[in-house]
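> what's the 3D shape of this:
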Amino acid sequence: MLDELLDRLNGEAEALLHELNVVLPNEIEKAVAQGDLSENSEYTAALERQQFVRARLDHIARRLGEISDIDLEAVPEDRIGFGSRVEVLDLDDDSVERYTLAFGDYLDFEKAEISMASPIGKALLGKGDGDEVDIPLPNGRIRYRVLTFETLHDLGKGAA
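Next up is the predicted model:
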């Protein structure tokens, strides 16, 4: 999971750097060539995009730093933590849900990833098989029982 996240971040950073250093300067140059910049929407849009790209690159750099600080030895092997795949039973409707705990702003909803900072993610952290959680949400409560989970360590062994 960490390698996947690093690849995703590095790929996004590479694309943004290309945009910042190649695409946007060309757009700005074309807009400047049109003359009066005070009413030039292309120029304004390119400058705004440039600011956004720089801010996003700063954010990615911070995230890469955070990831490099993750000590896999500190990730529990016997409890739900970062990267764990979890299967829970909804105690109200007997449905089974599957989640993977991930960083908040790099979620893949098709892979059923949820943020560790979300109410569900926070409630599941540190839990084990059979543990029950009662999660208050804006539209009510969810009650889950942990059926099974695989930690980042288990998932790494399966990939080896």
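> Based on its surroundings, how many neighbours for Glu42?
Neighbours of Glu42 under the rule other C-beta atoms under 10 Å: 14. Backbone N, C-alpha and C define where each C-beta goes, glycine included.
> How about Ala33?
Neighbours of Ala33 under the rule other C-beta under 10 Å: 7.
> Leu64: what secondary structure?
helix (DSSP: H, G, I helix; E, B strand; the rest coil).
> distance of the closest residue to it other than its chain neighbours from Thr100?
Ranked by C-beta to C-beta, 6 or more residues apart in numbering and with sequence neighbours excluded, the top spatial neighbour of Leu64 is Leu9, at 5.8 Å. Using C-beta to C-beta, to the nearest Å, Leu9 is found at 17 Å from Thr100.
> Return the set of buried residues in the longest strand along the chain.
In the chain, with assignment by DSSP state E, the single longest strand is strand 140-150. Buried residues in strand 140-150, counted by 16 or more other C-beta atoms under 10 Å: Ile142, Tyr144, Val146, Phe149, Glu150.
> ok, now stretch 66-86?
Val75, Arg79, Ile80, Gly81, Phe82, Gly83, Ser84, Arg85, Val86.
> So, low pLDDT: which residues of the chain?
Residue ranges of the chain with pLDDT under 70: 1-2, 71, 104-109, 155-160.
> how does it divide up, domain by domain?
The chain breaks down into these domains under automatic domain parsing: 2-70, 76-159.
> Show me which of the ones you listed has the highest average neighbour count.
domain 76-159 (a mean of 15; mean count of other C-beta atoms under 10 Å).
> wait, Ala123 sits on Ile135?
Yes. Ala123 is within contact range of Ile135, at 4.6 Å (criterion: C-beta atoms under 8 Å).
> Give the residues shared as contacts by these two.
Contact criterion C-beta atoms under 8 Å, 6 or more residues apart in numbering; residues shared by Ala123 and Ile135: Tyr144.
> Thanks a lot, see you next time.
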